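S.K.: coords please:
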Amino acid sequence: MTVTTQIISSGQVRLQAFTRGEASNPAIVLVHGYPDNHSVWDAVAENLAQNFYVIAYDVRGAGQSDKPKKIADYQMPLLAQDLLAVVDTLIPGRSFHLAAHDWGSIQSWESVTTEALKGRILSYSSVSGPCLDHMGFWMRSHLFSTSFTKLAKAVRQLFSSWYIVFFQLPILAPLMWRSGLAKVWPAYLRWREGVDEPDVNPTQGEDGAIGVRLYRANFISKMFRPQLRFAHCPVQLIVPTGDNYVGTQLFSELTDWVEHLYRRDIDATHWVLLTHSKEIAEWIAEFANVIGTDEDDSALHDIRVLPLSANLFSTTQQPKHTGA
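M.R.: Sure, this is the predicted structure:
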């Protein structure tokens, strides 16, 4: 399918955006994670473009988008501003569906839980990317719990997230990417993740080296000073059960934050977009179709996550999605 490109201005940062499909179709925006660029979504995007207007973009610091030098230029509000700039340019005034992977999911939670795009994001499909604020509260409640089970979950997640601590180092991680890690990255994905990338990413070294600024700009502040974040649209969690970096336990207590929550587990590793692209596209499309048309959500009944006990939302009756 034909892919068109466009440069989007977000403040002083230029973003490269890519579109597929008919512009008159319902719109869906795809946000990539680290250390990838928009191309990690290519196979999924091709499937979705049969019925959707698909928008993907290289986030700041990746691919063909600008790469600001200051760490502060990668803070979460600016990443949310980038998404706003993309949709205001390509689909001004229109509502859309949102899907994201890895760090793309992490940053997209900012848009799903703040006011700027409230009412325009119809649905959010999050793949392997927790909200850092939710994660901050989760880590607090588990690390300081008297429950051995909760403490064990927190310790297990800390070991899975060793790379986040490593990324706080200002020189070593970027130097590794520029000194040869990019060349062996495809071999690492085959060995560790069971992934055969269809094409070599020509910007892999820079994507990895620059992308660590995302972690350095946001992670510590969010862990120590998390904010209350409530989703303003229905959320579908797609959780690879073999994820070596993001533990499934991080998605077990989200009904306090998400009123209309759905979850699908899949026997796959972190880069499920590459290993199971057809299934991911089908799940994102089904969720968007049901939520976007405000149909009865009985088709999603089996994946609906209901609160186990009273939480921050009223549970006197089961909430029904509003499609907005």
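
S.K.: out of everything not next to it in sequence, what's closest to S123?
M.R.: Closest residue to S123 apart from its sequence neighbours, by Cβ to Cβ, 6 or more residues apart in numbering: I291 at 4.1 Å. Yep, even glycine has a C-beta here, placed from its N, CA and C like the rest.

S.K.: what about the strands in the stretch 51-200 of the chain?
M.R.: 53-57, 96-101, 121-127 (DSSP state E, counting those that start in this stretch).

S.K.: ok, residues contacting the second one?
M.R.: Spelled out, that is strand 96-101. In this structure, residues lying in contact with strand 96-101 by Cβ atoms under 8 Å, 6 or more residues apart in numbering are 26-33, 36, 40-41, 52, 55, 83, 87, 107-108, 111-112, 120-129, 273, 284, 287-288, 291-292.

S.K.: buried residues of stretch 254-273, list them for me.
M.R.: In terms of neighbour count (16 or more other Cβ atoms under 10 Å), stretch 254-273 has its buried residues at 254-264, 266, 268-273.

S.K.: can you check stretch 200-208 too?
M.R.: 201, 203-208.

S.K.: pLDDT below threshold where in the stretch 151-300 of the chain?
M.R.: Applying pLDDT under 70 to the stretch 151-300 of the chain picks out residues 151-170, 197-198, 294-297.

S.K.: right, and R192 touches Y245 too?
M.R.: No - checked against Cβ atoms under 8 Å, the pair R192 and Y245 is beyond contact range at 10.2 Å.

S.K.: which residue is nearest the centroid of the protein?
M.R.: S105 (1.3 Å; Cα atoms, centre = their mean).

S.K.: all strands for the stretch 201-324 of the chain, in order.
M.R.: Under DSSP E, counting those that start in this stretch, the stretch 201-324 of the chain gives strands at 235-240, 261-266, 304-305.

S.K.: that older thread, among the contacts of strand 96-101, which are in helices?
M.R.: Using DSSP state H, the subset of the contacts of strand 96-101 located in helices is 83, 87, 107-108, 111-112, 273, 284, 287-288, 291-292.

S.K.: now the residues you listed as TSV including distance to D302?
M.R.: As requested, these are exported to TSV (distance: Cβ to Cβ, whole Å):
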residue	distance to D302
L83	30
V87	31
Q107	29
S108	25
S111	28
V112	23
L273	23
I284	17
F287	13
A288	17
I291	16
G292	19
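
S.K.: what is the nearest of these to H134?
M.R.: Comparing these against H134 with Cβ to Cβ places V112 closest, at 11.1 Å.

S.K.: gap between that closest one and I7?
M.R.: Using Cβ to Cβ, to the nearest Å, we find V112 at a distance of 26 Å from I7.

S.K.: between those two, who's got more neighbours?
M.R.: A count of neighbours by other Cβ atoms under 10 Å puts V112 above the other of V112 and I7, at 26 against 12.

S.K.: residues touching that one, list them.
M.R.: 98, 121, 124, 231-233, 235.

S.K.: rewinding a little: save the strands of the stretch 51-200 of the chain as JSON lines, and put in mean neighbour count, distance to L250 and mean pLDDT too.
M.R.: JSON lines is the format used below for the strands of the stretch 51-200 of the chain (neighbours: other Cβ atoms under 10 Å; distance: least, Cβ to Cβ, whole Å; pLDDT from 0 to 100):
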{"stretch": "strand 53-57", "mean neighbour count": "27", "distance to L250": "25", "mean pLDDT": "98"}
{"stretch": "strand 96-101", "mean neighbour count": "28", "distance to L250": "15", "mean pLDDT": "98"}
{"stretch": "strand 121-127", "mean neighbour count": "27", "distance to L250": "11", "mean pLDDT": "98"}
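
S.K.: I'm done for today, thanks for sticking with me.
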